[in-house]
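Q: got a predicted structure here, sequence first:
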Amino acid sequence: MVDVVVGEDGLARCGWAASTPDYLEYHDNEWGRPVRDDNGLYERMTLEAFQSGLSWITILRKRPSFRAAFAGFEIEKVAAFGEADIERLLGDAGIVRNRAKIEAAIANARAAAELPGGIAALLWSFAPEVRPRPVDFSVVPAVTAESKAMAKDLKRRGFRFVGPTTAYALMQATGMVNDHVVGCFVDI
């Protein structure tokens, strides 16, 4: 993969964004932009967990179905899901039908609902100091000390399917770190 590519519109972007129109839209308008609301962060955490072992494009293309199936990712609503909802979700071809991940999404909503200051405050407390943008993707880590600490704390609080790699992907997606490479037009 080339680290920076210039699109037909003349804009230089992170190389991965050029592979599909879905990635282009996601890169230009969402990835790396700060998300600070509880439901928005719960959605991103859930989608990153569902992505584990799969391609992100699969999750991105199924996101409208995920939003419908998981009540718009409203924490309180998902926290109230029961066994009938699990069976409904397992039968929904529009999402990834993995029982462990579905049960984790519900358990994570319950854990998030119990956080006194909200999930946004907790997750952002692990955001590292601002660092220079990476010069290329070879220097972008998969795991950091902060993502390890986040994953450990989340696990202690009853969250599931959020290990250090997933935690770092969540940090990238929600603007806790800026991994748009030098030369990319997106500068957050």
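A: Nice, I can see it. Please read these numbers as outputs of a predicted model, since none were measured by experiment.

Q: show me the helices in this protein, by range?
A: Taking DSSP state H as the test, the helices found in the chain are 21-29, 38-51, 56-69, 75-79, 83-90, 99-113, 119-124, 145-156, 164-173.

Q: just checking, what packs against the second one?
A: Translated: helix 38-51. helix 56-69, helix 75-79, helix 99-113, helix 119-124, helix 164-173 (3 or more Cβ pairs under 8 Å, 6 or more residues apart in numbering; DSSP states H and E). For every residue, glycine as well, the C-beta is placed using N, CA and C.

Q: any chance of JSON lines for the ones you listed, columns distance to residue 37 and mean neighbour count?
A: Shown next, in JSON lines, are the helices and strands packed on helix 38-51 (distance: least, Cβ to Cβ, whole Å; neighbours: other Cβ atoms under 10 Å):
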{"stretch": "helix 56-69", "distance to residue 37": "15", "mean neighbour count": "16"}
{"stretch": "helix 75-79", "distance to residue 37": "10", "mean neighbour count": "19"}
{"stretch": "helix 99-113", "distance to residue 37": "12", "mean neighbour count": "20"}
{"stretch": "helix 119-124", "distance to residue 37": "6", "mean neighbour count": "20"}
{"stretch": "helix 164-173", "distance to residue 37": "14", "mean neighbour count": "22"}
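
Q: quick one: residues contacting the residue nearest to residue 62 when sequence neighbours are not counted.
A: Counting by Cβ to Cβ, 6 or more residues apart in numbering, residue 95 is the residue found nearest to residue 62 once chain neighbours are left out, at 5.8 Å. Going by Cβ atoms under 8 Å, 6 or more residues apart in numbering, residue 95 touches 50, 62, 65, 66, 69, 89.

Q: which of those residues sit farthest apart?
A: Longest distance between any two of the contacts of residue 95 is 12.3 Å, between 62 and 89; criterion Cβ to Cβ.

Q: select, out of the helices of the chain, the one closest to residue 133.
A: The minimum distance between residue 133 and the helices of the chain falls on helix 164-173, with 12.0 Å, by Cβ to Cβ.

Q: mind giving me the packing neighbours of the closest one?
A: On a contact count with 3+ Cβ pairs under 8 Å, 6+ apart, helix 164-173 meets helix 38-51, helix 145-156.

Q: out of those, deepest packed?
A: helix 38-51 (a mean of 23; mean count of other Cβ atoms under 10 Å).

Q: residue 127 contacts residue 176, correct?
A: Yes - counting by Cβ atoms under 8 Å, residue 127 touches residue 176, with 4.0 Å between them.

Q: understood, closing this out.
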